[in-house]
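# got a sequence here, can you model it:
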Amino acid sequence: MTEAFRVLAEAEDLPRWDVPEALATLYGGAIGLDEPCVVANFVESLDGVVAVPRLPRSHAVIGDHSEADRFVLALVRACADAVVIGSGTLLASPKGTWRVDRAYPEAADALLELRARRGRPEQPLVAVVTTGASLDPAHPVLESGVLVLTTEGAASRLRASVPGASEVVAVNDGETVDLARAIDLLRDRGCPVVLTEAGPSMFGSLVASQLIDELFLTVSPILAGRAATARLGLVEGVELVPQTRVAGRLRSVRAHGSHLFLRYALR
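The predicted structure is shown next:
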C-alpha cells in the first residue's frame, strides 16, 4: 500500500500517541486511544453484512481484500494490550494468530516499534471467551499460549483438553461468560486497552452491556446480498431499538480508494 489515507474529518479531542513516522504517514496522522477502553474493529459490506458463516475468511471477502483495511486492523491491534475473540471466530479462522505482524507484514517493524514506544510486549495477549461447547482445542494459536476465559462449570474440562501453553481461567459461575467480569479480569492483568475481534454475536452482547467505548468500522464498496442462507449484520443476538438507544458519535472519517474508515465513540 503506497497511497496514504485521505483524512475527511477528525475530532480535535482525539488522543494522539507517539507513533512511528511510517505509520503516521500512511494513516494520515497519529493514532491514540483513551485509556482504559474497549474497542471493536469490523469491516462490513455496503449493504451491511459483516460475516458469512461457513465461508472461509469471509471478512477478507467482504472487505474486498483491501490492503488499507488490513493496515487499520494491524494498527488498532498494535494499540491493544489484549485481543479478545470467541470460539466461533477461532473456528472461522483455522490459521489465525492474532499477531500484530501477521495482519499487515509490510509495516511489521513500525507496528512493533509503536508497541515498544508505549512500553508494551511485542504481541498483545490473546484471550478466547468460550463456554467450551465449540472450542477447537487443536487450534494452533492455543499452542502459542493464550488466555481462555470460561465458566466455572467448563473450566476443569477445558484444562484437560487445552494445550498446557495456554491458561484456562473461570470468570464466573453460570451458563455464559460474564463479559464485564472478563474485561475486569483483563484489566487486572495489566491490559487497559482491550480490542475485540470477536463476531457480531459477542459484539451485540458487549454493546447491550454498555462495554464498548469505540468502534472502528470499515465500509467496503462490495455488495454482499442476502438470500436463504444467513448473513450476519454488525449486531446479532440482541434487540436494541426501540427500547434501547445506542448511538455512535463520529470521531474520524478516512478514505482509501472506495473504502471508508469510520471511528465512532459508543460511550
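# helix, strand or coil for residue 115?
Using DSSP: H, G, I helix; E, B strand; the rest coil, the three-state assignment for residue 115 comes out as helix.
# per-residue pLDDT, it?
Reading off the per-residue confidence, residue 115 sits at a pLDDT of 98.
# that one against residue 108, yeah?
No - taking Cβ atoms under 8 Å as the definition, residue 115 is not a contact partner of residue 108, at 10.9 Å. To be clear about C-beta, it is placed using only N, CA and C from the backbone, and glycine gets the same treatment.
# those two: which is more packed in?
Neighbours around residue 115 and residue 108, counted as other Cβ atoms under 10 Å, are more numerous at residue 115. The numbers are 19 against 16.
# who's in contact with the more buried one?
For residue 115, the residues meeting the contact criterion (Cβ atoms under 8 Å, 6 or more residues apart in numbering) are 78, 100, 121-122.
# before we move on, what about residue 120?
Residues touching residue 120, when contacts are defined by Cβ under 8 Å, 6+ apart, comprise residue 81.
# distance of it from residue 264?
Counting by Cβ to Cβ, to the nearest Å, the separation of residue 120 from residue 264 is 25 Å.
# quick one on the thing from earlier: overlap in contacts, residue 115 and residue 108.
Where contact means Cβ under 8 Å, 6+ apart, the residues bridging residue 115 and residue 108 through contact with each are residue 100.
# picking that back up, is there a quick PyMOL command that grabs whichever of the contacts of residue 115 are buried?
The buried residues among the contacts of residue 115 can be selected in PyMOL (16 or more other Cβ atoms under 10 Å) with this line:
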select buried, resi 78+100
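# tell me which of the contacts of residue 115 is nearest to residue 71?
Comparing the contacts of residue 115 against residue 71 with Cβ to Cβ picks out residue 78 as the nearest, at 10.4 Å.
# now the helices for the stretch 51-200 of the chain?
Using DSSP state H, counting those that start in this stretch, the helices of the stretch 51-200 of the chain run over 58-62, 67-79, 87-92, 100-103, 108-117, 152-161, 179-188, 200-208.
# just to check, residue 33 is in contact with residue 193?
Yes - counting by Cβ under 8 Å, residue 33 sits close enough to residue 193 to count as a contact (5.6 Å).
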